[in-house]
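J.: got a sequence here, can you model it:
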Amino acid sequence: MIDELAGRGEKCVYLTSDEQDPGLLYSSELVDTKYIGSGTKAYAYLTVLEADVCAMTSPGLDVLQIKRSKGVSHYAHLVHAPTDIGTYKQYSFDYYDSVFINGDHQEKSLRKLEELRRTPRKRLFKTGCLYYDSMQRQLKELGAVSGSKTEMTVLVAPTWGANGLLKKFGTRSLTPLLEKQWNVIVRPHPQSYISEREMLDSIRQTLKQYPNLQWDCDRDGTRSMARADVMVSDLSGMVFDFAFLFEKPVITIKFDVNKVGLEAADLPWDLWELTVLDTVGRRIGESELDALPGLIEQECGRHDRRQMIRQLRDHSVVNFGCAAKPVADELLRIRD
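T.: Numbers count the residues shown, from 1 in each chain. Here you go, the predicted model:
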């Protein structure tokens with residue numbers, strides 16, 4: 001998005017709470033970058049922010065710490081995953097002036113929450129998912145990368161928190177794959193290293209004897225996804241990154257979703273992702289974890305899965321791989 005704005009000669013400011021954010025190294029006379037601190041320092045800075053338009057990937061405006069500034073004319077939220085908005089904490093979007101969304105499923109949920117809570121109707125812009133633009137560029141730079149020709153490569157990519165498969169099942173989701181002598185890459189959600197470090201350290205210690213286990217803690221998961229033949233996950237947004245970018249299957253573990261404190265608790269239907277997981281791959285129950293290798297082999301042998309994934313992607317994420325232009329178009333219209 002910033003590339004697109006700068007390419008049009010538009011000035012913008014990039015703010016981050018991550019001192020190691022590579023965005024701070026962005027070089028352009030039109031783009032100012034600034035580390036605003038974290039926690040209370042960052043919240044205080046945002047309180048006195050001045051801007052015609054403030055576009056944020058952080059949810060929860062005017063709910064807890066992130067307060068609306070009188071100096072900002074318009075707050076826009078950029079939904080940064082193709083999944084439904086139901087997995088966010090309650091009231092994550094209520095006080096934004098607009099939300100930039102990926103597809104119809106997100107619009108449906110946002111409009112329903114407005115109706116139930118009697119909040120003002122936001123402007124919804126169906127523009128697509130920005131990070132797929134850069135992911136596709138990365139894939140071209142990586143070239144043709146795939147899993148081993150002789151051994152299966154499985155990427156295990158859980159979300160964090162109560163609905164994460166490592167939290168729920170620990171090593172049970174990993175041991176059958178390791179015993180099969182397959183290459184297994186585990187990529188925890190980045191937040192897990194902050195909120196669940198003790199759990200990750202325990203799993204790492206328990207499985208340290210397996211040389212075919214690799215932990216991926218890179219900022220970006222594209223390289224691991226490119227190497228994998230199949231993914232095992234839960235409700236992580238990486239399910240759709242893997243399926244939509246590589247058109248390869250995903251095995252997801254079926255369990256009751258803890259909706260306490262989430263937007264999903266107020267929605268009268270199942271999360272969108274739960275309704276389409278059978279399209280991108282196969283959903284299995286906890287009792288099938290020991291049979292996971294055989295189920296993966298069955299799924300990788302299917303020839304119709306690629307077409308099913310393409311159809312879902314085309315229907316659910318507009319402007320796939322080219323979202324920056326429509327996002328910039330709408331931001332500038334708002335400003336003007």
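
J.: so who does Thr159 touch?
T.: Contact analysis of Thr159 by C-beta atoms under 8 Å, 6 or more residues apart in numbering lists 189, 233-237. From N, CA and C alone the C-beta is placed, and that goes for glycine too.

J.: which non-adjacent residue is nearest it?
T.: Nearest residue to Thr159, sequence neighbours excluded (C-beta to C-beta, 6 or more residues apart in numbering): Ser236, at 4.0 Å.

J.: now do Leu49
T.: Once flanking residues are discounted, Leu49 sits nearest to Ser69: 4.4 Å by C-beta to C-beta, 6+ apart.

J.: likewise for Tyr14?
T.: Nearest one to Tyr14, counting by C-beta to C-beta, 6+ apart, is Thr33 at 4.6 Å.

J.: so what touches the host helix or strand of the one you found?
T.: Assigned by DSSP states H and E, Thr33 belongs to strand 31-35. If you take C-beta under 8 Å, 6+ apart as the criterion, strand 31-35 is touched by 2, 5-6, 11-19, 21, 23-26.

J.: could I get the full set of strands for the stretch 1-150 of the chain?
T.: 12-16, 31-35, 50-56, 71-78, 98-101, 123-126 (DSSP state E, counting those that start in this stretch).

J.: residues in contact with Ile101?
T.: Here Ile101 is in contact with 79, 107, 110, 124-127 (C-beta under 8 Å, 6+ apart).

J.: mind redoing it with 7 Å?
T.: 79, 107, 124-126 (C-beta atoms under 7 Å, 6 or more residues apart in numbering).

J.: check Asp3 too.
T.: Neighbour list for Asp3: Ala324 [criterion: C-beta under 7 Å, 6+ apart].

J.: which one is Thr222 nearest to, not counting chain neighbours?
T.: Excluding the flanking residues, the one nearest Thr222 by C-beta to C-beta, 6+ apart is Gln138, at 4.8 Å.

J.: in this structure, which spans are helices?
T.: For the chain, the helices defined by DSSP state H occupy 2-7, 40-47, 104-117, 131-142, 165-169, 175-179, 192-195, 197-206, 222-227, 238-246, 272-280, 292-300, 305-316, 324-335.

J.: most tightly surrounded among those?
T.: A comparison of the helices of the chain by mean neighbour count, using mean count of other C-beta atoms under 10 Å, puts helix 238-246 on top with a mean of 24.

J.: name the helices or strands packed onto it?
T.: helix 222-227, strand 230-233, strand 250-254, helix 305-316 (3 or more C-beta pairs under 7 Å, 6 or more residues apart in numbering; DSSP states H and E).

J.: picking up where we left off before, out of the contacts of Ile101, which is most surrounded?
T.: In terms of neighbours by other C-beta atoms under 10 Å, these top out with Val79 at 25 neighbours.

J.: beta partners for the residue lying closest to it once chain neighbours are set aside?
T.: Spatial nearest neighbour of Val79, chain neighbours left out: Ile101 (5.3 Å); criterion: C-beta to C-beta, 6+ apart. Ile101 forms beta bridges with Lys126, as assigned by DSSP bridges.

J.: as a markdown table, the helices and strands packed on helix 238-246 with distance to Leu331 and mean pLDDT would be great.
T.: Shown next, in a markdown table, are the helices and strands packed on helix 238-246 (distance: least, C-beta to C-beta, whole Å; pLDDT from 0 to 100):
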| stretch | distance to Leu331 | mean pLDDT |
| --- | --- | --- |
| helix 222-227 | 26 | 92 |
| strand 230-233 | 32 | 95 |
| strand 250-254 | 33 | 91 |
| helix 305-316 | 23 | 96 |
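
J.: okay if I get those as JSON lines plus distance to Thr47?
T.: Below are the helices and strands packed on helix 238-246 laid out as JSON lines (distance: least, C-beta to C-beta, whole Å):
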{"stretch": "helix 222-227", "distance to Thr47": "36"}
{"stretch": "strand 230-233", "distance to Thr47": "37"}
{"stretch": "strand 250-254", "distance to Thr47": "40"}
{"stretch": "helix 305-316", "distance to Thr47": "36"}
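
J.: out of those, the one nearest Leu267 is which?
T.: Between Leu267 and the helices and strands packed on helix 238-246, the shortest gap by C-beta to C-beta is with helix 305-316, which sits at 17.1 Å.

J.: could you say what helices and strands that closest one packs with?
T.: Counting by 3+ C-beta pairs under 7 Å, 6+ apart, helix 305-316 packs on helix 238-246, helix 272-280.

J.: distance-wise, check the spatially closest residue to Leu166 that is not a sequence neighbour relative to Ser192.
T.: In space, and not counting its chain neighbours, Leu166 is closest to Pro158: 4.9 Å by C-beta to C-beta, 6+ apart. For Pro158, the distance to Ser192 equals 8 Å [C-beta to C-beta, to the nearest Å].

J.: ok, now Val232?
T.: Taking C-beta to C-beta as the measure, Val232 falls 16 Å from Ser192.
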